[in-house]
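>>> fold the following for me, if possible:
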Amino acid sequence: MKTVAIIYYSRQGHTQFIAQQIQIGVLSQKNIKVDLLNAEHLIENPEILIQYDGLIWGSPTYLGGVSSKLKQLMDATGPLWKKQSFKGKLAAGFTVSSLPAGDKQSTLISLFTFCMQHGMLWIGNPILPEQHQGVPYAEAANRLGSWSGLMAQAEHGSSPDRFDEGDIKTARLFGNNFAMTLNAYLGV
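Purely as a prediction, here's the structure:
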C-alpha cells in the first residue's frame, strides 16, 4: 500500500475543500492510502511526513505566496533537509485565490522550489484546458491553464465549497494523475 499526504493550510475552508477533491482523485487509484493533514498541526513535528511516499502541498495564495502557517511548516523541515529525508519522494502543489490570476503561479513556484531543495520529484498538471474543446469555461478542466500545479479560484467571500465545476473536476483529475504516477513510479 502506497501512502500520500495532502498537506494544506486553509483559513476560510476553500483550500481544504480543494484538498478533499484531490483526495477523491487519489483514492480513485488502487493500493493507495491518503491522509489530509493540516499544516498547522505539523509545525512542531514535521518528521511525521517522512513515512509518506508522496506529498501534495497546498496553500491559499496570500500576497503572491504561501500562507504563513504553511511557510512555518516548510521552515520547520530544515533539519529534514540536512538529512535529505524527503529525497526521491513524489511531490505536487496546489493553490487557491479569489482572482483568476491572483499571482498563484508564484505560490506554486515557491512550493516547487521547496520540494526541489528537498530532493523530491515534482509532478505537474498535465490536464489540457477543456475550454479549447468547446466545454463551457466554468465547467472546463484546467480552465486557468496551469501546468506547474493545480490552480483554483474561489470568489471572494464565497462559501468554502463554492467552486466552478471545472475547478472541482481539475482537482479530482490532478489527484488521479498524482496517484497513477506514484503507482507507476513505485510499481503497482
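>>> what helix or strand is I6 located in?
Using DSSP states H and E, I6 sits in strand 2-8.
>>> return the list of helices and strands in contact with the next helix or strand along the chain from that strand.
Using DSSP H and E, the next helix or strand after strand 2-8 towards the C-terminus is helix 14-27. Here helix 14-27 touches strand 2-8, strand 32-38, strand 54-60, strand 90-97, strand 150-153, helix 165-186, going by 3 or more Cβ pairs under 8 Å, 6 or more residues apart in numbering; DSSP states H and E. C-beta here means a position set from N, CA and C on the backbone, and glycine is covered the same way.
>>> go with 7 Å
Contact analysis of helix 14-27 by 3 or more Cβ pairs under 7 Å, 6 or more residues apart in numbering; DSSP states H and E lists strand 2-8, strand 32-38, strand 54-60, strand 90-97, helix 165-186 as its packing neighbours.
>>> can you give me the buried ones in that helix?
Of the residues in helix 14-27, 14-23, 25-27 count as buried by neighbour count, 16 or more other Cβ atoms under 10 Å.
>>> same check, this time on stretch 46-59
P46, L49, Y52, D53, G54, L55, I56, W57, G58, S59.
>>> what's the offset of that stretch from the middle of its chain?
Its chain's average C-alpha position is 11 Å from that of stretch 46-59, according to Cα atoms, centre = their mean, to the nearest Å.
>>> pull that stretch out as CSV, backbone CA atoms only.
The C-alpha atoms that make up stretch 46-59 are tabulated as CSV, following Å, rounded to 0.1, in the frame of the first residue of the first chain:
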residue,chain,number,x,y,z
PRO,A,46,7.3,17.7,10.5
GLU,A,47,9.1,14.3,10.6
ILE,A,48,5.7,12.7,10.5
LEU,A,49,5.8,13.3,6.8
ILE,A,50,8.8,11.0,6.2
GLN,A,51,6.5,8.0,6.3
TYR,A,52,4.7,9.0,3.1
ASP,A,53,5.6,8.1,-0.4
GLY,A,54,4.0,11.2,-2.0
LEU,A,55,3.5,14.7,-0.6
ILE,A,56,1.0,17.1,-2.1
TRP,A,57,1.3,20.6,-0.7
GLY,A,58,-1.5,23.2,-0.7
SER,A,59,-1.9,26.8,0.3
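>>> what lies in contact with it?
By Cβ atoms under 7 Å, 6 or more residues apart in numbering, the surrounding residues in contact with stretch 46-59 are 2-9, 15, 18-19, 22, 42, 66-67, 70, 73, 76-77, 80, 85, 89-95, 107, 111, 120, 178, 182, 186.
>>> L108: how many residues sit nearby?
L108 sits with 26 neighbouring residues when counted by other Cβ atoms under 10 Å.
>>> and it, what element?
Using DSSP H and E, L108 sits within helix 104-117.
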